[in-house]
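Peer 1: What shape does this take:
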Amino acid sequence: MKTGIIFDMDGTLWDSAKEVADSWSEVLRKHANVQKQELTKEDLESVMGLTMKDIADRLFPEVPEDEQDQIMEECMVYENAYLREHGATVYEGVEETFQVLSKEYPLYIVSNCQSGYIEAFLDYYDFHRYITDFACYGDNKETKDVNIRLLAERNHLERYIYVGDIQGDYEATMKAGGEFIHAAYGFGEVDADVIHLQDIRELPGALKK
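Peer 2: Below you'll find the predicted structure:
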């Protein structure tokens, strides 16, 4: 049975909230009608895992929808370039875990992020060699459950286990027909009878169980 391990990004593999907040603030200062032009790490943590549309509605609801789209596009482009140059805070043990798991399983990433975000992560840390495939909201405007299922289908996975940190990750995985492991060291709680990891390095052992 071909089994794949699919990872979420934010709150599971890294915490980019501070770097994203810094890069977005540079963009928002160019838009006079945005009320909150200086974003904090906490602002970004509060919207991690949401789609781009929902993030814009939360952070600058006073801006008309068409302009929200324009601002978000500017933020995304600048953010990708910033992260590709500076990186962010990768959780301790991520590469070690990739090294161990990739000997036994194909590894994947599915995120609600914009196009180019996953590539920036893989480029900066030279992780392309561990990740077989990835999918994101920005590439096709599909929800996470759809992208989990699409990735599983195109990689012919008979069993797929998603590792994520928030309730929405769990619900998307259930909708997609997968299994779920909670990255409890991340941004959120999951109310479900699943394995809860306190450190990503616990994952290989959890999979053996």
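
Peer 1: buried set for the longest helix along the chain?
Peer 2: In the chain, assigned by DSSP state H, the helix with the most residues is helix 65-86. Buried residues in helix 65-86, counted by 16 or more other CB atoms under 10 Å: Q68, I71, M72, E74, C75, M76, E79, N80, Y82, L83, R84. C-beta here means a position set from N, CA and C on the backbone, and glycine is covered the same way.

Peer 1: can you pull the contacts of the last one?
Peer 2: The contact partners of R84, taken as CB atoms under 8 Å, 6 or more residues apart in numbering, are E119, A120, D123, Y124.

Peer 1: what does the third one give?
Peer 2: Taking CB under 8 Å, 6+ apart as the definition of contact, the neighbours of M72 are M52, I55, A56.

Peer 1: In terms of distance to D10, which of those residues ranks first?
Peer 2: Closest approach between these and D10, by CB to CB: I55, at 11.5 Å.

Peer 1: what about that closest one, helix or strand, and which?
Peer 2: Assigned by DSSP states H and E, I55 falls within helix 52-59.

Peer 1: dump the residue contacts of I166.
Peer 2: G11, M48, G49, G186, F187, G188, E189, V190.

Peer 1: how about it, phi and psi?
Peer 2: Phi and psi for I166, reported as degrees, to the nearest 10, are phi -130, psi 160.

Peer 1: separation between it and D123?
Peer 2: Distance, I166 to D123, using CB to CB, to the nearest Å: 25 Å.

Peer 1: Surely Y108 is within a strand?
Peer 2: Yes - looking at Y108 with DSSP: H, G, I helix; E, B strand; the rest coil, it is inside a strand.

Peer 1: Where does the closest residue to it other than its chain neighbours sit: helix, strand or coil?
Peer 2: Spatial nearest neighbour of Y108, excluding adjacent residues (CB to CB, 6 or more residues apart in numbering): I6 at 4.5 Å. Following three-state DSSP, the label given to I6 is strand.

Peer 1: Please give me every residue in contact with I6.
Peer 2: I6 sits next to L107, Y108, I109, V110, I148, L151, A152, Y160, I161, Y162, V163, G178 when contact means CB under 8 Å, 6+ apart.

Peer 1: Y130: which of those residues is nearest?
Peer 2: L107 (5.6 Å).

Peer 1: Quickly list what the closest one is bridged to.
Peer 2: Per DSSP bridges, the residues bridged to L107 are I5, I131.

Peer 1: What separation is there between it and I131?
Peer 2: 5 Å.

Peer 1: what touches both of the two?
Peer 2: Both L107 and I131 are contacted by F98, under the criterion CB under 8 Å, 6+ apart.

Peer 1: Which residue is the nearest non-sequential neighbour of L157?
Peer 2: The nearest residue in space to L157 (CB to CB, 6+ apart) is G4, at 4.4 Å.

Peer 1: What pLDDT is listed against the one you found?
Peer 2: What the model reports for G4 is a pLDDT of 98.

Peer 1: are any of the contacts of I166 buried, and which?
Peer 2: G11, M48, G49, G186, F187, G188, V190.
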